[in-house]
Structures are given as structure tokens and as C-alpha cells.
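Student: predicted model, plus sequence, below.
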Amino acid sequence: MEELVGVIAKALVDHPEEVAVKTVEKDHLVVYELTVHPEDVGKVIGKQGRIAKALRTVVTSAAVKMDKRVTVDIIS
């Protein structure tokens, strides 16, 4: 799942070498912290947060089998 978030994010940004994904697990919640170059934050979030919402939807759909709640946090 971590790799999925990384691959999608690298396709969106101008500085793919600075994309990093960290996994933080808490009880029944898995948080994927996506770190990107400060100039690329807007590209990952998108207009009105549409790209970020789509990324979270893809990750949530792929995590159905894990029986855990999953979210993606974007950090610059």
C-alpha cells in the first residue's frame, strides 16, 4: 500500500526524488504520511482538494481487505 501511494504521488510531482511515504499504525487506523517537495504540495492536493480526495479513495478501496481504516496525510 505504501508503494501504491508513492507511485501515484511520483507521477504527479516535478520532484519525484523527494517523495517519501511513512506508515504510522494506531489501533485500527493506518496513516500514510506522504512527504513531498514544498513546490509540489499544490499538485498533490489539486484544485479544491480533488486529487488528494481521489488518492485517499484509491487507498481506502485497496485497504478493504486489511479490515482497518486508512488515510493519507500530505506533508511538505
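Tutor: It's in.

Student: from here on, just use CA atoms for contacts and neighbour counts.
Tutor: Noted.

Student: quick check: longest helix of the chain.
Tutor: Looking across the chain with DSSP state H, the single longest helix is helix 50-62.

Student: tell me what that one is packed against?
Tutor: Judged by 3 or more C-alpha pairs under 8 Å, 6 or more residues apart in numbering; DSSP states H and E, helix 50-62 is in contact with helix 2-12, helix 41-45, strand 69-75.

Student: can you tell me which of the ones you listed is nearest to residue 19?
Tutor: Judged by C-alpha to C-alpha, the one of the helices and strands packed on helix 50-62 that comes nearest to residue 19 is helix 2-12, at 6.5 Å.

Student: tell me the angle the next helix or strand after the closest one makes with helix 2-12.
Tutor: Per DSSP states H and E, helix 2-12 leads on to strand 20-26 as the next helix or strand towards the C-terminus. Strand 20-26 runs at 140 degrees relative to helix 2-12, counting by axes from the mean of the first three to the mean of the last three C-alpha atoms, to 10 degrees.

Student: direction included, what does strand 20-26 pair against?
Tutor: strand 29-35 (antiparallel) (DSSP bridges).

Student: now the partner strand: buried residues?
Tutor: By neighbour count with 16 or more other C-alpha atoms under 10 Å, strand 29-35 contains the buried residues 30, 31, 32, 33, 34, 35.
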